[in-house]
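# using only what follows, build the 3D model:
(one chain, ligands or ions: 3)
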Amino acid sequence: MRALRWHGKHDVRCDTVPDPVIEDGRDAIVKVSTCAICGSDLHLFDGLMPTMEHGDILGHEFMGEVVEVGRETRNLKPGDRVVVPFTIVCGECDQCMRGNFSVCERSNRNREKAEKVFGHTTAGLFGYSHLTGGYAGGQAEYVRVPFAERTHIKVPDGLSDERLLFLSDILPTGWQAAVQCEIQPTDTVAIWGAGPVGQMAVRSAVMLGAKQVIVIDRVPERLVMASGGGAIPINFDEESVLDRLKELTNGKGPEKCIDAVGMESHVSRSLDSMYDRVKQAVMLETDRPHVLREMIYVCRPAGTLSIPGVYGGVLDKIPFGAAMNKGLTFRMGQTHVNRWTSDLLRRIEEGQIDPSFVITHTVPLEEGPAMYKTFREKADGCIKVVLKP
Ligand code: NAD
Ligand code: ZN
Ligand code: ZN
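Numbers count the residues shown, from 1 in each chain. Ligands and ions are numbered 1, 2, ... in the order given. As a prediction, this is how the structure comes out:
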């Protein structure tokens with residue numbers, strides 16, 4: 001089959017590889033009809049996530065048709081149409097029972113590695129380094145889905161792939177980011193990053209009844225798209241984020257702040273990014289936490305910082321004293337996809353939300369390598385790339 005594989009920093013290729021096979025009774029094989037490139041894939045593309053290996057198959061947003069199931073996969077059969085959540089879940093461990101799916105205790109087959117680095121294991125993820133299990137991803141014609149009885153979302157016919165695909169990741173990610181803010185009708189929610197996750201967070205914060213939603217980025221078409229969803233845009237290349245946020249909140253600061261940027265933030269008006277870039281380059285720091293610093297500084301005391309943006313390792317110069325003394329609440333994590341699935345699928349079916357608005361590019365899988373570059377460079381108005389194997 002054809003699959004997009006990682007061969008090192010800025011080197012993704014469409015290769016011919018063996019088809020996946022059932023390795024365990026709890027597996028299923030899915031023939032991928034549609035998949036996508038995520039902002040998280042860019043961290044791999046940029047060589048910032050450790051434990052990637054040459055030849056790893058990428059991709060954790062995909063859907064398709066079940067073509068084969070293992071002996072112990074009882075609730076799926078060939079022909080079923082499924083979206084696959086990016087977090088692999090056993091459905092039976094203590095964390096899964098509590099709905100904390102992204103920290104499933106059993107699905108990461110390299111759990112000793114994760115325990116060493118993080119103190120505990122986290123869930124297995126598709127196409128996302130050997131720290132999270134080294135599972136082949138879904139930017140491919142076929143993919144093996146481990147723990148398939150629970151690692152799937154059955155979806156109805158009659159709705160297009162484009163409407164359903166983002167149940168795999170960015171829709172529940174934006175949604176969880178907003179839910180974790182516990183939005184009150186009097187709240188201003190400020191969202192850093194108008195990429196696909198920021199776009200879903202904007203729609204979610206509006207649906208959850210925020211008084212005012214503000215979005216911060218510097219890519220004009222992304223700001224326009226977020227405005228269309230009900231957000232007030234701030235272009236951080238043209239205005240002071242801190243001044244504008246104060247202005248829009250009568251000097252108080254937003255009650256709720258969402259970091260939909262993560263470890264690769266950019267900055268134009270202050271020097272701290274240069275400092276971070278140098279430290280990142282010489283491996284003294286793994287992440288560039290400019291957005292976190294800005295959120296801590298501007299958030300109204302007793303407010304909440306919700307962090308879906310991915311961080312990988314060690315961060316420097318976080319003003320923790322400000323966070324502590326202002327009494328801020330931090331909520332974060334990889335998304336507990338299955339926790340939100342039935343609610344979000346219903347909202348899609350009822351037409352409350354159609355996540356396909358975010359798609360700007362649809363191309364064959366073979367064009368995936370070029371699209372990694374286009375998406376990374378935000379060239380050609382690219383906001384979200386969908387691939388057809
Ligand atoms: P993206 O790279 O397309 O979007 C990031 C956006 O942030 C870009 O538009 C960029 O211009 C903007 N940005 C950069 N620096 C900024 C700054 N200082 N202030 C404001 N905006 C800034 O990626 P995406 O797909 O939207 O993903 C966003 C983040 O969410 C990534 O870190 C990704 O890894 C993460 N993510 C997390 C989960 C999860 O489960 N928690 C799931 C999906 C994605
Ligand atoms: Zn993702
Ligand atoms: Zn589990």
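
# burial count for the closest residue to Gln184 other than its chain neighbours?
Closest residue to Gln184 apart from its sequence neighbours, by C-beta to C-beta, 6 or more residues apart in numbering: Glu255 at 7.4 Å. C-beta here means a position set from N, CA and C on the backbone, and glycine is covered the same way. Using other C-beta atoms under 10 Å, Glu255 has 24 other residues around it.

# how about the residues of the stretch 51-200 of the chain by ligand 2?
Residues of the stretch 51-200 of the chain that fall close to ligand 2, judged by C-beta under 5 Å from the ion: Asp169.

# how about the residues of the stretch 51-200 of the chain by ligand 3?
So the stretch 51-200 of the chain meets ligand 3 at 90, 93, 96, 104, 106 (C-beta under 5 Å from the ion).

# gap between the second one and His60?
It stands for Cys93. 20 Å (C-beta to C-beta, to the nearest Å).

# can I get the residues of the stretch 51-200 of the chain next to ligand 3 in CSV with secondary structure?
Formatted as CSV, these follow (DSSP: H, G, I helix; E, B strand; the rest coil):
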residue, secondary structure
Cys90, coil
Cys93, coil
Cys96, helix
Cys104, coil
Arg106, coil
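
# which SS class is Lys317?
Assignment for Lys317 (three-state DSSP): coil.

# show the pLDDT at it.
Looking at Lys317, its pLDDT is 86.

# thought it was touching His290?
No - in this structure Lys317 lies outside contact range of His290 using C-beta atoms under 8 Å: 9.9 Å.

# looking at these two, which is more packed in?
Taking other C-beta under 10 Å, Lys317 and His290 do not tie; His290 has more neighbours (21 against 14).

# higher neighbour count, Cys93 and His60?
Neighbours were counted for Cys93 and for His60 using other C-beta under 10 Å; His60 has more, 27 against 18.

# what sits against the residue found closest to that one once you drop the neighbours it is linked to in the chain?
Distances taken as C-beta to C-beta, 6+ apart place Phe86 nearest to His60, at 3.7 Å, with adjacent residues excluded. Residues in contact with Phe86, defined by C-beta atoms under 8 Å, 6 or more residues apart in numbering, are 38, 60-61, 125-126, 128, 168-169, 335, 337.

# pick the one among the residues you listed closest to His7.
Top of the list for closeness to His7, among those and by C-beta to C-beta, is Tyr128 at 16.2 Å.

# so which of the contacts of Phe86 are in helices?
Val337 (DSSP state H).

# pipe the residues of the stretch 51-200 of the chain next to ligand 3 into JSON lines and attach distance to ligand 1 and pLDDT per row.
JSON lines is the format used below for those (distance: C-beta to the nearest ligand atom, whole Å; pLDDT from 0 to 100):
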{"residue": "Cys90", "distance to ligand 1": "18", "pLDDT": "98"}
{"residue": "Cys93", "distance to ligand 1": "19", "pLDDT": "98"}
{"residue": "Cys96", "distance to ligand 1": "16", "pLDDT": "98"}
{"residue": "Cys104", "distance to ligand 1": "13", "pLDDT": "98"}
{"residue": "Arg106", "distance to ligand 1": "19", "pLDDT": "98"}
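
# most widely separated two among the residues you listed?
Largest separation among those by C-beta to C-beta: Cys96 and Arg106, giving 8.0 Å.

# any common contacting residues for these two?
Cys90.

# so the lowest-mean-pLDDT helix or strand in the chain, near ligand 1 or not?
Ranking every helix and strand in the chain by mean pLDDT, DSSP states H and E puts helix 272-281 at the bottom, with a mean of 73. No - applying C-beta under 6 Å from any ligand atom, one finds helix 272-281 separated from ligand 1 by no less than 7.9 Å.

# CA atoms only: put that helix into CSV for me.
Provided in CSV are the C-alpha atoms of helix 272-281 (Å, rounded to 0.1, in the frame of the first residue of the first chain):
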residue,chain,number,x,y,z
ASP,A,272,11.8,36.3,24.3
SER,A,273,11.3,34.2,21.2
MET,A,274,14.9,34.8,20.1
TYR,A,275,16.0,33.6,23.5
ASP,A,276,13.8,30.5,23.1
ARG,A,277,15.0,29.8,19.6
VAL,A,278,18.6,29.9,20.7
LYS,A,279,17.9,27.6,23.7
GLN,A,280,15.8,25.3,21.5
ALA,A,281,18.6,25.1,18.9
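
# chain center to it: distance?
24 Å (C-alpha atoms, centre = their mean, to the nearest Å).

# in the stretch 251-389 of the chain, which spans are helices?
272-281, 290-298, 320-325, 337-349, 368-377 (DSSP state H, counting those that start in this stretch).

# winner for burial among those?
Stretch with highest mean neighbour count among the helices of the stretch 251-389 of the chain: helix 290-298 (a mean of 23; mean count of other C-beta atoms under 10 Å).

# thank you kindly, that will do.
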